[in-house]
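[1] sequence first, predicted model second:
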Amino acid sequence: MKKIIEKYFESLVYFYRALKYKVFIILLLSVLIGFLDGLGLTMFLPLLTMVSDTGSGQNGDTENLNFLLKFITDLNIDLTLIRILILMACFFIAKSIVVYLYEVYKVNVQQQFITKIRFKNLNRLNNLAFKYFISSDPGRIQNTMTGEVDRVARAFLTYFTAFQAGIMVVVYMYFAFTIDTKFAILVSIGGVITNFIYKKIYKNTKGASRKLTGENNIFQSLVIQHVSNFKYLKATGSISKYSNKLKSSIDKIEISNVKIGKLAAFLTASREPIVVLVVVSVIYIQTSLLGSSLGPILISLLFFYRALNFLMQMQNQWNKFLAVSGSMENMTRFSDELKLNKEENGSVAIKDRVTKIELNEVYFNYGSNVIINGVSLDIPRHKTIAFVGESGSGKTTLVNLIAGLLPIDRGELLINNNNIADINLNTYQSKIGYITQDPVIFNDTIFNNITFWDEKSDSNIKKFNSAIQKAAIFDFVLEQSEREDTLLGSFGSNLSGGQKQRISIARELYKDVEILILDEATSALDSETEKEIQKNMDSLQGDYTILIVAHRISTIKNADKIVIMNKGKIEDDGSFQKLYENSPYFKKLVSLQELS
Ligand SMILES: Nc1ncnc2c1ncn2[C@@H]1O[C@H](COP(=O)(O)OP(=O)(O)OP(=O)(O)O)[C@@H](O)[C@H]1O
């Protein structure tokens with residue numbers, strides 16, 4: 001039973017999972033609207049009877065619909081024309097009140113539904129394992145979290161509007177059937193046959209919708225890369241070549257949309273003639289071949305026509321629903337993937353200061369590639385450890401392991417003697433300041449960039465000033481016309497590489513962090529600024545546990561320990577002096593850089 005429901009009411013199950021009983025309230029209100037509409041319609045019957053009394057004399061067929069009128073006359077209330085009209089008006093007014101409640105409720109539930117999806121995706125994205133994130137497609141993430149959510153919202157609306165139209169079809173069909181069953185059956189058979197023609201169109205629409213979702217993901221991914229690599233593409237004259245990829249993706253989206261549009265146009269345009277053809281054939285068969293009289297057929301047709309109107313509306317909405325239904329599958333897959341690749345998180349909170357970080361025989365792989373190959377290292381509190389080594393030797397990966405961004409595959413990584421797998425990462429990571437290779441700049445003021453939107457209280461301003469002094473950016477801020485309220489362009493486009501790095505260093509210093517990780521943070525600095533930062537780093541030394549991934553030997557001259565990485569292993573370690581004397585590789589590195 002459960003399987004049958006899941007198969008045939010897949011979308012309803014999807015909505016039910018998110019909204020529970022609210023789905024049934026929407027459905028119930030739909031039924032109530034249909035019911036009130038039906039009651040209003042029964043008031044037409046005495047009117048029609050009056051007409052047919054004076055006209056063709058056909059009146060017997062509507063009698064079984066007159067239950068309400070019978071009930072009223074049984075109460076000894078005289079049914080005058082004016083009373084019938086008033087009653088009819090009352091039913092339709094009641095219906096419109098329910099319609100209003102239904103629409104308001106539906107839009108409320110729709111918005112709750114969308115908010116729920118957004119929150120769920122955001123939470124799951126936040127908890128996503130970094131290892132999985134770096135191998136995912138940012139375009140897909142962005143598209144699913146923005147455009148696809150809108151498509152799911154549309155799927156919700158069209159689904160329930162189609163259901164509502166379906167209820168109205170049932171109500172009117174009921175009337176049509178009661179008045180002339182034979183005629184109604186024949187028309188319904190015709191309707192079912194025509195539906196087979198549409199089945200293929202529905203299938204194609206659904207297929208095109210799925211394809212469109214995939215193409216939108218690719219398009220978003222290309223746009224993101226186009227924007228973030230804009231400078232490179234421009235400077236190297238490659239922009240038009242890269243644009244061709246974007247253009248081809250735009251073309252594909254157009255083709256899919258046009259296909260969906262064409263299918264919808266065919267549905268809209270063909271429905272009426274097909275319906276009329278069916279009705280005309282049935283009337284002909286009934287009157288000419290079966291010898292029925294025209295009167296009840298025409299009254300039945302009156303209701304049928306309304307039923308057919310709603311049928312068209314239902315099919316239209318259903319097709320629109322199918323056109324966006326691909327997004328629901330995509331959303332479920334996306335959300336499940338995020339959940340499946342959730343970051344493992346322990347429960348031990350790191351409340352005290354981080355006094356000791358210890359690595360014992362740590363291994364880490366990307367697929368079958370061993371990236372960190374049995375590293376053992378002690379990082380005592382407030383010591384500065386620098387990592388040097390060839391490109392690709394695993395320096396960044398190692399500090400990412402220490403920062404808890406990547407999970408170790410084997411060995412032991414202890415934070416204050418707690419296994420990293422057992423600790424609550426957030427409590428540990430909030431003590432870490434990370435200055436990455438690409439400085440992170442937000443599209444906001446200098447103050448907000450550094451304080452992370454803290455309020456401008458006296459103590460925060462004091463902290464801010466101290467951070468910008470330590471990061472050697474105090475003078476730069478003073479020179480700006482709006483000082484700390486100066487807006488930094490998007491991604492810091494109006495800053496030099498060195499300035500961006502200093503802003504991100506200042507942000508980390510403003511925070512109350514204990515561990516500072518600098519991944520080649522000084523690579524884009526001119527030698528003057530580098531000296532300045534170096535001085536400040538030296539002054540930070542001893543106050544923080546500092547891990548530096550460095551290419552510039554000058555910045556790590558005073559480190560407590562320098563670790564030389566080679567193919568994922570620690571080749572050697574020690575003080576600058578010791579390595580200079582004992583490691584030929586290090587000696588070469590120093591002499592090369594002193595030359596440059
Ligand atoms: N997401 C990834 N998937 C697979 N392999 C990766 C991934 N990221 C890095 N690697 C591989 O891991 C190895 C170590 O990379 P890592 O960035 O740690 O080196 P590094 O010493 O910091 O290099 P560099 O000095 O050039 O930044 C490299 O061989 C790299 O190709």
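    Yep, that arrived.
[2] all helices of the stretch 251-400 of the chain, in order?
    Ranges of helices within the stretch 251-400 of the chain are 294-340, 395-402, based on DSSP state H, counting those that start in this stretch.
[3] among the ones you listed, which is nearest the ligand?
    helix 395-402 (3.3 Å; C-beta to the nearest ligand atom). Where C-beta positions appear, they are placed from N, C-alpha and C, glycine not excepted.
[4] against which helices or strands is whichever helix or strand Ile468 is part of packed?
    Here Ile468, judged by DSSP states H and E, is contained in helix 458-470. The helices and strands touching helix 458-470, judged by 3 or more C-beta pairs under 8 Å, 6 or more residues apart in numbering; DSSP states H and E, are helix 446-451, helix 474-479, helix 497-510, helix 527-540.
[5] coming back round to it: which of the helices of the stretch 251-400 of the chain has the lowest average pLDDT?
    Lowest mean pLDDT of the helices of the stretch 251-400 of the chain: helix 294-340, a mean of 82.
[6] show which residues not belonging to stretch 254-268 make contact with it.
    Contacts of stretch 254-268 from elsewhere in the structure, counted by C-beta atoms under 8 Å, 6 or more residues apart in numbering, are 198, 201, 204-205, 208-209, 211-212, 215, 315-316, 319-320, 323.
[7] ok, stretch 545-558 next?
    354, 357, 379-388, 395-396, 399, 402, 514-523, 530, 533-534, 537-538, 540-541, 559, 562, 576, 589-590, 593.
[8] what's the domain layout of this protein?
    2-340, 356-595 (automatic domain parsing).
[9] counting neighbours, which bits of stretch 9-27 end up buried?
    By 16 or more other C-beta atoms under 10 Å, the buried positions in stretch 9-27 come out as Ser11, Leu12, Tyr14, Phe15, Ala18, Leu19, Lys22, Val23, Ile26.
[10] which two among those are spaced furthest apart?
    Ser11 and Lys22 (15.1 Å; C-beta to C-beta).
[11] figure out which of the helices and strands packed on helix 458-470 is closest to Lys241.
    helix 497-510 (26.2 Å).
[12] against which helices or strands is the next helix-or-strand element following that closest one packed?
    Per DSSP H and E, the first helix or strand lying C-terminal to helix 497-510 is strand 515-519. Applying 3+ C-beta pairs under 8 Å, 6+ apart, one finds that strand 515-519 contacts helix 395-402, strand 432-435, strand 545-549.
[13] possible to save these as JSON lines with mean neighbour count?
    Formatted as JSON lines, the helices and strands packed on strand 515-519 follow (neighbours: other C-beta atoms under 10 Å):
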{"stretch": "helix 395-402", "mean neighbour count": "23"}
{"stretch": "strand 432-435", "mean neighbour count": "21"}
{"stretch": "strand 545-549", "mean neighbour count": "25"}
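[14] any chance of those in CSV, plus distance to Ile179?
    Formatted as CSV, these follow (distance: least, C-beta to C-beta, whole Å):
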stretch, distance to Ile179
helix 395-402, 75
strand 432-435, 76
strand 545-549, 83
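[15] ok, back up a step: ranking the helices of the stretch 251-400 of the chain by burial, who's on top?
    The highest mean neighbour count among the helices of the stretch 251-400 of the chain, using mean count of other C-beta atoms under 10 Å, belongs to helix 395-402: a mean of 23.
[16] give me the angle between it and strand 515-519.
    160 degrees (axes from the mean of the first three to the mean of the last three C-alpha atoms, to 10 degrees).
[17] and the helix or strand following helix 395-402, what's buried?
    Helices and strands here follow DSSP H and E; after helix 395-402, the next one along the chain is strand 410-415. Across strand 410-415, burial judged by 16+ other C-beta under 10 Å covers Gly411, Leu413, Leu414, Ile415.
[18] isn't the last one right up against Ile357?
    Yes - Ile415 is within contact range of Ile357, at 5.8 Å (criterion: C-beta atoms under 8 Å).
[19] give me the low-pLDDT residue ranges for the stretch 451-596 of the chain?
    Scanning the stretch 451-596 of the chain for pLDDT under 70 picks out the ranges 489-493, 521-530, 532-533, 535-536, 594-596.
[20] can we see that at 50?
    595-596 (pLDDT under 50).
[21] and Met565, which helix or strand is it part of?
    strand 561-566.
[22] against which helices or strands is the helix or strand following that strand packed?
    For strand 561-566, the following helix or strand on the C-terminal side (DSSP H and E) is strand 569-574. Contacts defined by 3+ C-beta pairs under 8 Å, 6+ apart place strand 569-574 against strand 369-380, strand 561-566, helix 576-582, helix 584-595.
[23] the third one packs against which elements?
    Meaning helix 576-582. strand 561-566, strand 569-574, helix 584-595.
[24] how far away from the center of its chain is the longest one?
    The gap between where helix 584-595 is centred and where its chain is centred comes out at 50 Å by C-alpha atoms, centre = their mean, to the nearest Å.
[25] can you list the buried residues in it?
    Buried residues in helix 584-595 (16+ other C-beta under 10 Å): Phe586, Leu589, Val590.
[26] need the nearest residue in space to the second one, chain neighbours excluded.
    When you say that, I think you mean Leu589. Ile553 (6.1 Å; C-beta to C-beta, 6 or more residues apart in numbering).
[27] neighbours of that neighbour, just the number please.
    19 (other C-beta atoms under 10 Å).
[28] what's the answer for Leu487, then?
    Leu487 has 14 nearby residues by other C-beta under 10 Å.
[29] next one: phi and psi at it?
    phi -80, psi 130 (degrees, to the nearest 10).
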